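Peer 1: what's the 3D shape of this:
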Amino acid sequence: MVLALFSLLPVRWATGLAFAIGWCFLPMAGYALPGLPDYTKTFATCVGALLGISLFHSKLFFLYRANWLDTAPLIFCFSPFLSSLVNGLGAYDGVSAAFHQSVTWGLPYLIGRLAYRGRNDLIPLAVSCVGCALVYMTLCLWEVRMSPQLHTIFYGFHQHSFGQTIRFGGWRPTVFMEHGLQVALWMGFCLLISYVVWRMTPLIEKHKHLSLILLSLGGTFLLLKSLGAVVLVAIAILLFELVQFTRLRWLYLVLPVCVTSYLLVRGLGIGSPETLIRFVRDNISVDRAESLQFRLDNEDLLADRARQQVWLGWGGWGRNRVFDEHGKDLTVTDGLWIIIFGTQGVLGLSTFYAMQLIAPTGCLVSGRFRKNAPTIGLALGCLISNVDTLPNAMTIPIFQVILGALVTVSLSKRADTAIRSQSALDSV
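Peer 2: Got it, this is the predicted structure:
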């Protein structure tokens with residue numbers, strides 16, 4: 001199906017639709033392949049897209065120009081190899097781990113770098129995301145009423161613990177994703193894109209259907225019963241409105257600064273989270289405070305373990321976890337950051353968040369994209385998705401495609417500026 005998309009559509013549409021449809025509708029399942037990563041929805045979509053570009057748009061490979069911004073993704077994909085060697089797991093284990101990480105994180109990034117050449121190319125990417133969200137909206141509403149059953153109906157099994165779908169006296173949809181939190185992150189991301197486009201569209205050009213899309217996605221998003229996602233989207237909208245009102249684009253730095261500050265404080269084991277836990281207990285709910293306490297206690301144990309092998313981590317096979325003298329696992333790894341810190345150390349953690357934060361932050365702070373709604377919406381969505389990696393490990397591959405696209409778009413803009421400047425000098 002992905003190859004058919006690339007044979008029939010322009011590459012920017014085929015890429016966006018392939019990743020959005022693939023992630024939204026393929027099952028949460030995998031088939032073990034000897035010597036390769038498991039054949040999952042991520043593997044199928046990434047390899048299909050790469051083959052599609054190779055077969056039908058091969059000229060894009062010749063247009064690709066490496067840049068220093070590609071250094072962090074390259075090191076991050078290679079770091080599992082070093083972690084395996086340092087921990088005595090062997091070169092074969094290292095190559096296998098690095099290949100798996102390259103397919104999961106590096107390949108979507110590369111596809112984004114190849115497929116999107118200019119800022120107007122981001123419009124099909126944004127439309128693909130919002131279009132899939134509109135279809136997902138109807139499925140979410142069905143599961144809110146009937147309970148999360150679609151994955152079982154279509155694929156024969158439930159993808160996660162069914163008990164975690166019960167929330168606030170009702171159902172939290174999971175549809176075809178890993179967890180209800182992932183569905184909420186995806187729908188909130190698409191809602192944010194829709195809001196930014198609606199807000200930046202001149203009043204005389206606003207259409208009723210744009211407002212209807214925004215209201216429909218917003219209402220459905222609230223019914224997903226995910227407080228964390230609601231808070232993230234609300235913060236992103238507030239930041240966007242502050243920037244629109246004050247024209248101070250550096251305010252967008254709040255999100256990456258918060259992420260890096262959290263990593264430093266928790267990674268180094270500085271301070272106590274008791275004040276935050278007390279605030280949640282007094283102002284939100286006791287259940288949320290207990291959940292937060294549980295997460296942070298586990299992070300403390302895992303961070304202490306990670307600091308014993310701080311630079312390159314413990315590698316795979318659960319060596320980053322904490323066990324008692326009887327071999328019982330004492331920890332639960334919720335946040336993506338603590339998983340990376342424990343398995344790949346400071347090298348993996350720093351390069352991962354450099355890859356995640358630099359490009360979207362640069363696009364938001366730069367004045368070159370201040371009037372380009374799709375770029376702002378996609379970049380701001382990437383930043384809130386990275387805030388979500390602190391408590392959760394619910395990754396969505398299309399975010400990596402967007403990151404690669406933002407890098408290429410920012411570089412192509414600089415190139416266009418340089419060409420115009422040189423032309424002006426030549427004319428003088």
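Peer 1: drop to CA atoms for contacts and neighbour counts, all remaining ones
Peer 2: Will do.
Peer 1: does residue 313 count as helix, strand or coil?
Peer 2: coil (DSSP: H, G, I helix; E, B strand; the rest coil).
Peer 1: Help me confirm that it comes into contact with residue 343.
Peer 2: Yes: using C-alpha atoms under 8 Å, residue 313 is in contact with residue 343, at 4.5 Å.
Peer 1: Give me the neighbour count for residue 156.
Peer 2: A count of nearby residues for residue 156, using other C-alpha atoms under 10 Å, gives 11.
Peer 1: what about the strands in the stretch 201-350 of the chain?
Peer 2: Counting by DSSP state E, counting those that start in this stretch, one finds no strands in the stretch 201-350 of the chain.
Peer 1: for it, what are the low-confidence residue spans?
Peer 2: The model of the stretch 201-350 of the chain has pLDDT under 70 over residues 203-207.
Peer 1: quick one: the closest residue in space to residue 306 that isn't next to it in sequence from residue 380, how far?
Peer 2: Closest residue to residue 306 apart from its sequence neighbours, by C-alpha to C-alpha, 6 or more residues apart in numbering: residue 342 at 4.5 Å. According to C-alpha to C-alpha, to the nearest Å, residue 342 and residue 380 sit 28 Å apart.
Peer 1: okay, the two: which has more neighbours?
Peer 2: Each of residue 342 and residue 380 has its neighbours counted (other C-alpha under 10 Å); residue 342 has more, 31 against 26.
Peer 1: From what I see, the more buried one and residue 314 are in contact.
Peer 2: Yes: using C-alpha under 8 Å, residue 342 makes contact with residue 314 at a distance of 6.1 Å.
Peer 1: Common neighbours of the two, please.
Peer 2: Each of 306, 320 lies in contact with both residue 342 and residue 314 under the rule C-alpha atoms under 8 Å, 6 or more residues apart in numbering.
Peer 1: got the contact list for the residue nearest to residue 306?
Peer 2: With C-alpha under 8 Å, 6+ apart, residue 342 has these contacts: 302, 303, 305, 306, 310, 313, 314, 315, 320, 321.
Peer 1: Among those, name the ones in helices.
Peer 2: Per DSSP state H, helices hold the following members of the contacts of residue 342: 302, 303, 305, 306.
Peer 1: picking that back up, mutual contacts of residue 313 and residue 343, please.
Peer 2: Residues touching both residue 313 and residue 343 (C-alpha under 8 Å, 6+ apart): 83, 306, 320.
Peer 1: Select only the buried ones of those in PyMOL?
Peer 2: Typed into PyMOL, the next command selects the buried ones out of the shared contacts of residue 313 and residue 343 (criterion: 16 or more other C-alpha atoms under 10 Å):
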select buried, resi 83+306+320
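Peer 1: Mean confidence (pLDDT) on stretch 355-363, please.
Peer 2: What stretch 355-363 shows for mean pLDDT is 96.
Peer 1: same check, this time on stretch 74-85
Peer 2: Averaged across stretch 74-85, the pLDDT comes to 97.
Peer 1: Count the neighbours of the closest residue to residue 341 other than its chain neighbours for me.
Peer 2: Spatial nearest neighbour of residue 341, chain neighbours left out: residue 349 (5.5 Å); criterion: C-alpha to C-alpha, 6+ apart. Residue 349 sits with 24 neighbouring residues when counted by other C-alpha under 10 Å.
Peer 1: Can you give me every residue that contacts residue 349?
Peer 2: Per C-alpha under 8 Å, 6+ apart, neighbours of residue 349: 337, 340, 341.
Peer 1: Nearest residue to residue 359 in space, please, no chain neighbours.
Peer 2: Nearest to residue 359 is residue 407, by C-alpha to C-alpha, 6+ apart, at 5.6 Å.
Peer 1: wait, isn't residue 408 in contact with residue 113?
Peer 2: Yes: with contact defined as C-alpha under 8 Å, residue 408 counts as touching residue 113 (5.4 Å).
Peer 1: so where do the strands sit in the stretch 51-200 of the chain?
Peer 2: Assigned by DSSP E, counting those that start in this stretch, the stretch 51-200 of the chain shows strands spanning 166-167, 170-171.
Peer 1: who wins for proximity to residue 135 among those strands?
Peer 2: Of all the strands of the stretch 51-200 of the chain, the one in closest proximity to residue 135, counting by C-alpha to C-alpha, is strand 170-171 (18.8 Å).
Peer 1: Which strands or helices does the closest one pack on?
Peer 2: Counting contacts by 3 or more C-alpha pairs under 8 Å, 6 or more residues apart in numbering; DSSP states H and E, strand 170-171 packs against helix 122-146.
Peer 1: quick one: buried residues of the helix it packs on?
Peer 2: Buried residues in helix 122-146, counted by 16+ other C-alpha under 10 Å: 122-134, 136-137, 139-144.
Peer 1: circling back: please, a ChimeraX command that selects the buried ones among the ones in helices among the contacts of residue 342?
Peer 2: Only the buried entries of the ones in helices among the contacts of residue 342 go into this ChimeraX selection, using 16+ other C-alpha under 10 Å:
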select :302,303,305,306
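Peer 1: quick check, nearest of the ones in helices among the contacts of residue 342 to residue 70?
Peer 2: Closest to residue 70, out of all of the ones in helices among the contacts of residue 342 and judged by C-alpha to C-alpha, is residue 306, at 26.4 Å.
Peer 1: The closest one is in contact with residue 313, isn't it?
Peer 2: Yes: contact criterion C-alpha under 8 Å: residue 306 and residue 313 qualify, at 6.2 Å.
Peer 1: Mind listing the shared neighbours of these two?
Peer 2: Common neighbours of residue 306 and residue 313 (C-alpha under 8 Å, 6+ apart) are 320, 341, 342, 343, 345.
Peer 1: What sits closest to the first one if chain neighbours are left out?
Peer 2: What it means is residue 320. The shortest distance from residue 320 to any non-neighbouring residue, by C-alpha to C-alpha, 6+ apart, is to residue 342 (4.9 Å).
Peer 1: Kind regards, and thank you for your time.
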